[in-house]
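Engineer: Okay, predicted coordinates and the sequence, questions at the end:
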Amino acid sequence: MQPVLTSADSNTIQIVTGVASVNWACTIQITAAIGIASSDQAYVTTNQQLYGIYAALVLSNAVLVSFGTKFLARLQRLYTLMNVCLCFIIIIALPIATPPDFRNSANFALADFTNCMCRRPITLAAHDHL
């Protein structure tokens, strides 16, 4: 007889794979930021560097979840405040840092609408017999 997965088993699998995938995505974002920040953008990450960053993130998660709930609640407040501040910084700094050549006018961004029907419609001429 085959063992049946219970909801507790599927939740455990989901949590483990969720943590792994979020850490991997964070690793890729960190290495992408390093590549973008490099002077000639020719930085290439090795597999060892990827694994090292991933392992450090998994270890940091293990350390964080071992703290008490009161400490984690304070950290959550701090991280929420940091996220809100970073959003405001990006909203303010991005338009300031954008070169004038790449800026759109407010009229273009908010009022202009161009319906571009320049693409040819998709035809199913080869499949008309179906």
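Structural biologist: Thanks, I have the structure now.
Engineer: any idea of the mean pLDDT in the helix or strand where residue 91 lies?
Structural biologist: Assessed by DSSP states H and E, residue 91 sits inside helix 69-97. Throughout helix 69-97, pLDDT has a mean value of 90.
Engineer: Please identify the buried residues of that helix?
Structural biologist: Within helix 69-97, no residue qualifies as buried by neighbour count (16 or more other CB atoms under 10 Å). (Glycine included, C-beta is placed from N, CA and C.)
Engineer: by contact count, what packs against it?
Structural biologist: Packed against helix 69-97, as judged by 3 or more CB pairs under 8 Å, 6 or more residues apart in numbering; DSSP states H and E, are no other helices or strands.
Engineer: Off-centre distance for it?
Structural biologist: How far helix 69-97 lies from its chain's middle: 16 Å, per CA atoms, centre = their mean, to the nearest Å.
Engineer: Over to stretch 47-67?
Structural biologist: Averaging C-alpha positions (CA atoms, centre = their mean) puts stretch 47-67 17 Å from its chain's average.
Engineer: What are the buried residues along that stretch?
Structural biologist: So for stretch 47-67, counting by 16+ other CB under 10 Å, buried means 53, 54, 57.
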